[in-house]
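Engineer: The following block contains a protein sequence and its predicted model.
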Protein chains: 2
Amino acid sequence: MNSDLSSQQVKDIGEQGLLERLQRFCPPEIIGDDAAVLETAPDQSLVVTTDMLIDGVHFSNLTTSPEDAGWRAAAANLSDLAAMGASPLGITVGLGLPSEVRVSWVERLYQGMTECLQKYNTSIVGGDVVRSPVTTLAITAFGQVNPNQIIRRSAAVVGDAIVVTGVHGASRAGLELLLHPQLGQNLNDVEKMALILAHQRPQPRLDVLPILRKILTPNSITDAINRASTPNSRLPIAGMDSSDGLADAIIQICRASGVGAVLEHRQISLPAAFDHWLTQEQALAYALYGGEDFELVLCLTQELASTLVQHLGQGAAIVGNITSGSTVILHDEQKKFPDQVLSLSQGFQHFNS
Amino acid sequence: MNSDLSSQQVKDIGEQGLLERLQRFCPPEIIGDDAAVLETAPDQSLVVTTDMLIDGVHFSNLTTSPEDAGWRAAAANLSDLAAMGASPLGITVGLGLPSEVRVSWVERLYQGMTECLQKYNTSIVGGDVVRSPVTTLAITAFGQVNPNQIIRRSAAVVGDAIVVTGVHGASRAGLELLLHPQLGQNLNDVEKMALILAHQRPQPRLDVLPILRKILTPNSITDAINRASTPNSRLPIAGMDSSDGLADAIIQICRASGVGAVLEHRQISLPAAFDHWLTQEQALAYALYGGEDFELVLCLTQELASTLVQHLGQGAAIVGNITSGSTVILHDEQKKFPDQVLSLSQGFQHFNS
């Protein structure tokens, strides 16, 4: 740590440290979720999220085709909208390019983005293209949501069940198979392809939103208002996406809501192929810290949680409960593993490498 | 030009060529204005614009303080909103940074952005910070406008007057004074400072919007519907901002509207200091091609134009008229200069350098 503040560099405080320093330039009510929420009309909020992706840091031609890089970039932003309960309106794409980049590479990147967006009935609505020494992609996604149906990280309450909308660890496993093709000798081709596709073509869970609206009766919304810990949470659901891993999602929700959680080891749903490939420890590490599965992690009453899991089907599960306190504990019913306190120390700090 | 399309590089077709190739990935109704317009409600449209700024291409520590770089980036995006008739809701800021960048530099950049945004009652509502080999700023601004009050490039009709909301050439002159401090010996310090400030702290003309709303009576809107050349234009005003120069703005409006224009040399309002500093040719070149003045260039009926100029005051002027045909002609009443056809060939093609 540098003691002379004026010469402090970004690497001295890391990405997270810098973000904290920059928060004083933003209105306080905006910060702390997957996306910003702006009330544009009494019955409508605008949800906005933005991502910067740098060649060599966030994508690479070595492991990712331009189509897949485009799909993944679009999917990550749509997932942030889904995490807030918002339906997409469109995205803008800012592109910085060295002049030697092939036009066909750029067109394939846009092709991949467009394929993902079309699947979710949305599109690229604007952009900018400039010269840059490094290929850079800046995506901003817009969505809208009824203010009563916003999903916030800060709305979890003690007693809630924690639901995952699908399996975790698949994307990380797919990346390993791409990086080390000699791995996965026990897997058949269909299993391998499914894991690789989970990495290359992740599916933002916008499909969960109409299901949520369907199972939320007027009664459950009244319950929510009665139980809400913050005046902003009007939906009986807290949540975010698991883009940075399942552990990160649960820890972030607990931090924002001022609660703790117990996560049941055996309830975390994993890809079936993990059974005959990975050790339990490896499988768990991929699921908790692998990231980029883009599932939703939702906290809601036990009753709503059961109904939701029934509607979602395969891979969806109740994986734990919200508790008082502030720690997130991984618990093994079978007591094969001792209780563990989960932390973000296995997370990824962009500037500290 | 490379004949093998698959190996064609971005520099072979330039920024504009690439943008044209990428337009097939966007819905056709979205393209061709300063910002995208999305209808989010019957009485409300969302206007979105995005800019990528690269260190060494679009800003430089050599000529621009981080505060000024931040102000200018925010101002350029707010100006795009003003050009569409939209009031700002907020901006998102994506930031790519080498790890050696000073934290204080980043804070000063945000300080400059925030100063500009606060002046126009808006703020940074979200963002992303990532590691990058080159400092990169991606700004997306969004605003809202009643669909009946959108200003489009494509709505100019023959007989319209062309109004500028202020003087042109000041920003470019200020840049010259910064780059070559030995220039401007004939200028006093106040004049110099005014020109330099025009470059460092340009003012997006959001203040023009309430004036437009005030002078537009219900009658003038009915007139507009009757005279509109495109079904989308519901306001009796066409326009854009002059961020890429006055010539560019008029040419772009004419192209989008399928009309021509005559621009009166002597009517183009210039900073008073130009009189005792620049030749007429130089002054005109700065005004037409200098860029970054961020005034609005509006086409409207002669009657509305006169009213608007009276309300705007200093620097505002009727500078020409919309004509049939497709050429933009610079005309000198005093016949000191022969008629010239204006073109974009003096413009800036990012990839062809």
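Structural biologist: Structure received.

Engineer: Which helix or strand contains the residue of the stretch 101-250 of chain A found nearest chain B?
Structural biologist: As assessed by C-beta to the nearest C-beta, chain B sits closest to A:Ala138 within the stretch 101-250 of chain A, at 3.3 Å. In short, each C-beta sits where N, CA and C put it, glycine included. Here A:Ala138, judged by DSSP states H and E, is contained in strand A:136-145.

Engineer: Direction included, what does the next helix or strand after that strand pair up with?
Structural biologist: Downstream of strand A:136-145, the next assigned helix or strand under DSSP H and E is strand A:161-164. Applying DSSP bridges to the sheet, strand A:161-164 is found paired with strand A:296-300 (antiparallel), strand A:317-323 (antiparallel).

Engineer: And the next helix or strand along the chain from the shortest one, what does it pack against?
Structural biologist: Read that as strand A:296-300. As assigned by DSSP H and E, the chain's next helix or strand after strand A:296-300 is helix A:302-312. Contacts defined by 3 or more C-beta pairs under 8 Å, 6 or more residues apart in numbering or on different chains; DSSP states H and E place helix A:302-312 against strand A:161-164, helix A:208-215, strand A:296-300, strand A:317-323.

Engineer: Would you mind finding the most buried of the ones you listed?
Structural biologist: strand A:296-300 (a mean of 28; mean count of other C-beta atoms under 10 Å in any protein chain shown).

Engineer: and that strand with helix A:208-215, angle?
Structural biologist: Counting by axes from the mean of the first three to the mean of the last three C-alpha atoms, to 10 degrees, strand A:296-300 lies at 20 degrees to helix A:208-215.

Engineer: Now do the same for strand A:296-300: mean pLDDT, whole number.
Structural biologist: Mean per-residue pLDDT for strand A:296-300: 97.

Engineer: tell me the angle of the strand holding A:Ala138 relative to strand B:136-145?
Structural biologist: Going by the same axes, to 10 degrees, strand A:136-145 makes 30 degrees with strand B:136-145.

Engineer: returning to what we had before: got the strands paired with strand A:161-164 as a markdown table, with distance to A:Gly260 columns?
Structural biologist: Output for those, formatted as a markdown table (distance: least, C-beta to C-beta, whole Å):
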| stretch | distance to A:Gly260 |
| --- | --- |
| strand A:296-300 | 12 |
| strand A:317-323 | 4 |
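
Engineer: Quick one: distance of the strand or helix carrying A:Val125 to the chain centre.
Structural biologist: Assigning secondary structure by DSSP H and E places A:Val125 in strand A:124-131. Relative to its parent chain, strand A:124-131 has a centroid offset of 25 Å by C-alpha atoms, centre = their mean, to the nearest Å.

Engineer: cool, stretch A:286-304 as well?
Structural biologist: Computed by C-alpha atoms, centre = their mean, the chain-centroid distance of stretch A:286-304 equals 9 Å.

Engineer: for that stretch, which positions count as buried?
Structural biologist: The neighbour-count check on stretch A:286-304 (16 or more other C-beta atoms under 10 Å in any protein chain shown) flags A:286-301, A:304 as buried.

Engineer: Would you mind measuring the gap between the ends of it?
Structural biologist: 28 Å (C-alpha to C-alpha, to the nearest Å).

Engineer: burial of the nearest residue to A:Phe274 once chain neighbours are set aside, as a residue count?
Structural biologist: Nearest non-adjacent residue to A:Phe274, counting by C-beta to C-beta, 6 or more residues apart in numbering or on different chains: A:Ala283, 4.4 Å away. Residue neighbour count, defined by other C-beta atoms under 10 Å in any protein chain shown, stands at 21 for A:Ala283.

Engineer: Just confirm A:Ala283 is within a strand.
Structural biologist: No: per DSSP: H, G, I helix; E, B strand; the rest coil, A:Ala283 lies outside any strand segment and is helix.

Engineer: Hmm, it is touching A:Ala272, no?
Structural biologist: No: between A:Ala283 and A:Ala272 there is no contact under C-beta atoms under 8 Å: 11.0 Å.

Engineer: what distance separates stretch A:178-198 from the centre of its chain?
Structural biologist: 23 Å.

Engineer: per-residue confidence averaged over that stretch?
Structural biologist: The average pLDDT within stretch A:178-198 is 94.

Engineer: packing partners for the host helix or strand of A:Val37?
Structural biologist: Per DSSP H and E: A:Val37 is located in strand A:36-41. Judged by 3+ C-beta pairs under 8 Å, 6+ apart, the packing partners of strand A:36-41 are strand A:44-54, strand B:44-54, strand B:87-97, strand B:124-131.

Engineer: I'd like the ones you listed laid out as TSV, including mean neighbour count.
Structural biologist: Formatted as TSV, the helices and strands packed on strand A:36-41 follow (neighbours: other C-beta atoms under 10 Å in any protein chain shown):
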stretch	mean neighbour count
strand A:44-54	24
strand B:44-54	24
strand B:87-97	25
strand B:124-131	23
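
Engineer: Let's have these in CSV, adding mean pLDDT.
Structural biologist: Converted to CSV, the helices and strands packed on strand A:36-41 look like this (pLDDT from 0 to 100):
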stretch, mean pLDDT
strand A:44-54, 94
strand B:44-54, 93
strand B:87-97, 95
strand B:124-131, 92
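
Engineer: Spit out the contact partners of A:Ser45.
Structural biologist: A:Val37, A:Leu38, A:Glu39, A:Ala86, A:Gln144, A:Val145, A:Asn146, A:Pro147, A:Ile150 (C-beta atoms under 8 Å, 6 or more residues apart in numbering or on different chains).

Engineer: where does chain A have low pLDDT?
Structural biologist: A:1-5, A:29-32, A:217-235, A:345-353 (pLDDT under 70).

Engineer: CA atoms only for the top helix by length along chain A, dumped as CSV, please.
Structural biologist: When chain A is parsed with DSSP state H, its longest helix is helix A:66-84. Taking Å, rounded to 0.1, in the frame of the first residue of the first chain, the C-alpha atoms of helix A:66-84 are listed here in CSV:
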residue,chain,number,x,y,z
PRO,A,66,-15.9,-14.0,-32.3
GLU,A,67,-19.5,-15.3,-32.5
ASP,A,68,-19.2,-16.8,-29.0
ALA,A,69,-17.5,-13.7,-27.6
GLY,A,70,-20.4,-11.7,-29.0
TRP,A,71,-23.1,-14.1,-27.7
ARG,A,72,-21.4,-14.2,-24.2
ALA,A,73,-21.2,-10.4,-24.0
ALA,A,74,-24.8,-10.0,-24.9
ALA,A,75,-25.9,-12.8,-22.6
ALA,A,76,-24.1,-11.4,-19.6
ASN,A,77,-25.9,-8.1,-20.0
LEU,A,78,-29.3,-9.6,-20.5
SER,A,79,-28.6,-11.7,-17.4
ASP,A,80,-28.1,-8.5,-15.4
LEU,A,81,-31.5,-7.3,-16.6
ALA,A,82,-33.1,-10.7,-15.7
ALA,A,83,-31.5,-10.4,-12.3
MET,A,84,-33.4,-7.2,-11.7
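
Engineer: Just to check, A:Ile268 is in contact with A:Ile318?
Structural biologist: No: the pair A:Ile268 / A:Ile318 is not scored as a contact, 10.5 Å apart, by C-beta under 8 Å.

Engineer: How is chain A divided into domains?
Structural biologist: Domain assignment of chain A by automatic domain parsing yields the ranges A:32-147, A:151-346.

Engineer: related to what we said a few turns ago, quick one: residues in contact with the strand holding A:Val125.
Structural biologist: Strand A:124-131 has contacts (C-beta under 8 Å, 6+ apart) with A:89-99, A:110, A:113-114, A:117, B:15, B:18-19, B:22, B:25-27, B:30, B:35-36, B:38, B:48-54, B:57-58, B:350-351.

Engineer: For A:Ile215, see how far away A:Leu209 is.
Structural biologist: Distance of A:Leu209 to A:Ile215, given as C-beta to C-beta, to the nearest Å: 11 Å.

Engineer: And A:Leu177, by the same measure?
Structural biologist: According to C-beta to C-beta, A:Leu177 stands 36 Å off from A:Ile215.

Engineer: Could you do A:Ile250 as well?
Structural biologist: Distance of A:Ile250 to A:Ile215, computed by C-beta to C-beta: 22 Å.
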